[in-house]
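Asks: below are the sequence and a predicted model; questions follow.
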Amino acid sequence: MARILVTGATGQVGQRFVPRLVHWAGTDTVRVLVRDAARAEALARLGVEVVEGDLRDADDRAKALVGADSVVNVAAAFRDVPDEEAFEVNRDAAVELARQALAAGVTRFVQTSTNLVYAGGLGRPAHEDDELAPGPLFGAYAVSKAQAELAMRELDPALGLTMVRLAFVYGEGDSHLRDVVQRVASWPAHKRLAVVHHADASLALWRALSTPGAAGRAYNVMGDAPISAVELHQLHGVPLPADTAGRVDEDPWHGLVSTARIRAELGWRPLFPSVWTAQDAGAL
């Protein structure tokens, strides 16, 4: 029986992706590696095999990989963690997982990355073949993800590696969209944040995993309508800071990406093209 290993299954993306994966891939096909098995009880009730361990531990990775045919690495150390932890999880553990997966005979490996891996100053939405050279604005998270991608590229193609670069993920009760209001308070009012709904992020990961031609490719994933700083404040009923309308956006395309490739090659389309679509559907 095919076995799909998912890491980060109790995180914001993983906990919404895994139930959908069970629906798409079938019961008893999904295994998750989690640090706290108690947090994965809801997944276990769906028939998911739960392996308790730390992604940063080689023995735990090996235990989780036994019998696995495919891996979806969703685990990430995101905001408000020390830089050291971000590099340990997002780069070092991820790359070692890929190496061990290759040795264990895994033939499909989906690496969840970010739209922030690109260099700035492009003057247009980023394409998948653009240079991976994130600036300092998004810190260790973006840098560690970019470095992980670059290291994984050097591995044997037999791994069947696919990169999925997600925009800012929101929806389904995730507090990220509200939390980010504080972070964009210093932005120009018109500066835009690239976003993608959890349902659409999950669908992109599934298409990347299940489509044979996706191996060896990278895909940007973003909704059709980025949301501006002023709209984020309005959405949450938060007053806009003074003078934001007059602030200058030095790089208005930074963080925005082209989704032409995933549309053409994987047939992906966002179910929720905009935050407003998700709001109307009660899916925020």
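Replies: Now that the structure is in, tell me what you want to look at. Numbers count the residues shown, from 1 in each chain.
Asks: in the lowest-mean-pLDDT helix or strand in the chain, what's buried?
Replies: For the chain, counting by mean pLDDT, DSSP states H and E, helix 176-183 ranks last in confidence among helices and strands (a mean of 93). By neighbour count on 16 or more other Cβ atoms under 10 Å, the buried set for helix 176-183 is 176-177, 180. Every C-beta, even on glycine, is put in place using the N, C-alpha and C of the backbone.
Asks: contacts for stretch 36-52?
Replies: Under the contact criterion Cβ atoms under 8 Å, 6 or more residues apart in numbering, stretch 36-52 has outside partners 3, 9-10, 15, 18-19, 22, 27-28, 30-35, 60, 63-64.
Asks: cool, stretch 70-85 as well?
Replies: 2-9, 11, 13-14, 17, 21, 33, 55, 65, 86, 88-90, 93-94, 97-98, 101, 106-112, 139-141, 144-145, 205, 209.
Asks: now, of the residues you listed, which are buried?
Replies: So, by 16+ other Cβ under 10 Å, the buried ones in the contacts of stretch 70-85 are 3-9, 11, 13-14, 17, 21, 33, 55, 65, 86, 88-90, 93-94, 97-98, 101, 106, 108-112, 140-141, 144-145, 205, 209.
Asks: filter those down to the ones in helices?
Replies: 14, 17, 21, 65, 86, 94, 97-98, 101, 140-141, 144-145, 205, 209 (DSSP state H).
Asks: just checking: what are the partner strands of the strand or helix carrying Val164?
Replies: For Val164, the host element (DSSP states H and E) is strand 161-166. For strand 161-166, the pairing partners within the sheet under DSSP bridges are strand 108-114 (parallel), strand 218-221 (parallel).
Asks: now the helices for the stretch 151-284 of the chain?
Replies: Assigned by DSSP state H, counting those that start in this stretch, the helices in the stretch 151-284 of the chain fall at 176-183, 198-210, 229-235, 260-266, 275-280.
Asks: deepest of those, which one?
Replies: Comparing the helices of the stretch 151-284 of the chain by mean neighbour count (mean count of other Cβ atoms under 10 Å), helix 198-210 ranks first with a mean of 23.
Asks: which strands and helices lie in contact with it?
Replies: helix 14-25, strand 70-73, strand 108-114, strand 161-166, strand 168-170, strand 218-221, helix 260-266 (3 or more Cβ pairs under 8 Å, 6 or more residues apart in numbering; DSSP states H and E).
Asks: and for it, what's in contact with it?
Replies: Against helix 198-210 from outside (Cβ under 8 Å, 6+ apart): 4, 12-13, 16-17, 20-21, 24-25, 70, 72, 74, 108, 110, 112, 162, 164, 166, 169-172, 174, 196, 214, 219, 221, 223, 262, 266-268, 270-272, 283.
Asks: make a ChimeraX selection of the buried ones in these.
Replies: A single ChimeraX command selects the buried members of these (16+ other Cβ under 10 Å):
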select :4,12,13,16,17,20,21,25,70,72,74,108,110,112,162,164,166,169,170,171,174,196,214,219,221,223,262,266,268,270,272,283
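Asks: just to revisit the earlier point, out of the ones in helices among the buried ones among the contacts of stretch 70-85, who's nearest Asp129?
Replies: Lys145 (16.9 Å; Cβ to Cβ).
Asks: I figured that closest one was touching Tyr118, is that so?
Replies: No. Using Cβ atoms under 8 Å, Lys145 is not in contact with Tyr118, being 10.9 Å away.
Asks: now for the two: what residues contact both?
Replies: Joint contacts of Lys145 and Tyr118 (Cβ under 8 Å, 6+ apart) are Pro134.
Asks: about what we covered before: any chance of JSON lines for the helices and strands packed on helix 198-210, columns distance to Glu231?
Replies: Output for those, formatted as JSON lines (distance: least, Cβ to Cβ, whole Å):
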{"stretch": "helix 14-25", "distance to Glu231": "23"}
{"stretch": "strand 70-73", "distance to Glu231": "32"}
{"stretch": "strand 108-114", "distance to Glu231": "22"}
{"stretch": "strand 161-166", "distance to Glu231": "20"}
{"stretch": "strand 168-170", "distance to Glu231": "13"}
{"stretch": "strand 218-221", "distance to Glu231": "21"}
{"stretch": "helix 260-266", "distance to Glu231": "24"}
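Asks: all set, thanks.
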